[in-house]
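A.B. asks: My questions are about this predicted structure, shown below with the sequence.
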Amino acid sequence: MDPNVLWQRPSLLNSFLFCKRQFYLNYYYIRGTNKLLKMGSYYHEEINKQDYPVNVDNIDWKRGVVHEHKKGDLRKNAVLQTYLYLKIMNMYNKRIKRAKITSIEKHKVVWLKYPDEEYENELEKIFKEIEDMKEIPPRKPRKYCKNCSLYDYCWVSE
């Protein structure tokens with residue numbers, strides 16, 4: 001698979017970190033539907049129309065900060081995806097050097113700086129793993145599967 005897809009569709013990084021099978025299906029535009037996906041799509045397509053390389057929630061151009069809002073916990077996948085947004089936005093405008101991720105429900109904030117060697121190394125490993133992916137990963141039952149938008153696609157025979 002072409003890892004460069006993450007430059008055009010950085011939201012796929014979240015799928016990759018959550019479930020490799022979900023990533024593979026989303027890579028080929030096979031997507032399910034659920035309430036959160038619809039809300040996020042509506043926000044970025046209708047409310048937050050921007051002409052930037054990525055759809056971020058807000059940008060403070062004066063301070064060079066990308067703002068992202070997440071519904072729940074600020075897990076590794078949300079942080080790394082926001083770091084990728086930050087990296088892409090920095091390539092677009094060198095003044096963008098930081099990102100602020102806010103959890104709406106948990107009232108927590110995480111700050112990121114660009115560049116960050118640890119996140120760069122993680123992204124490099126992910127790009128390599130995507131490049132080596134040749135077929136759809138097998139399904140693995142996890143506690144999250146029943147709430148996944150692709151549940152019917154993966155588990156219809158069960």
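C.D. replies: Okay, I see it.
A.B. asks: List every C-alpha atom in the helix or strand Trp111 falls within, with coordinates, as CSV.
C.D. replies: Assigned by DSSP states H and E, Trp111 belongs to strand 108-113. The C-alpha atoms that make up strand 108-113 are tabulated as CSV, following Å, rounded to 0.1, in the frame of the first residue of the first chain:
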residue,chain,number,x,y,z
LYS,A,108,-7.7,17.7,29.7
VAL,A,109,-5.2,19.4,27.4
VAL,A,110,-2.1,18.1,25.7
TRP,A,111,0.4,20.4,24.0
LEU,A,112,2.6,19.3,21.1
LYS,A,113,5.7,21.0,19.6
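A.B. asks: which residues does the residue nearest to Gln22 when sequence neighbours are not counted contact?
C.D. replies: Leaving out its chain neighbours, the residue that sits closest to Gln22 by Cβ to Cβ, 6 or more residues apart in numbering is Ser15, at 4.8 Å. Glycine gets a C-beta too; all of them are placed from N, C-alpha and C. Ser15 sits next to Gln22, Phe23, Asn26 when contact means Cβ atoms under 8 Å, 6 or more residues apart in numbering.
A.B. asks: mind checking pLDDT for Ser15?
C.D. replies: On pLDDT, Ser15 comes in at 89.
A.B. asks: That one is in what secondary structure piece?
C.D. replies: Using DSSP H and E, Ser15 maps to helix 12-18.
A.B. asks: how far out from the middle of the chain is that helix?
C.D. replies: 6 Å (Cα atoms, centre = their mean, to the nearest Å).
A.B. asks: next one: stretch 7-16
C.D. replies: With Cα atoms, centre = their mean as the basis, stretch 7-16 stands 5 Å off its chain's centre.
A.B. asks: Show me which positions of that stretch end up buried.
C.D. replies: Of the residues in stretch 7-16, Pro10, Leu12, Leu13, Asn14, Ser15, Phe16 count as buried by neighbour count, 16 or more other Cβ atoms under 10 Å.
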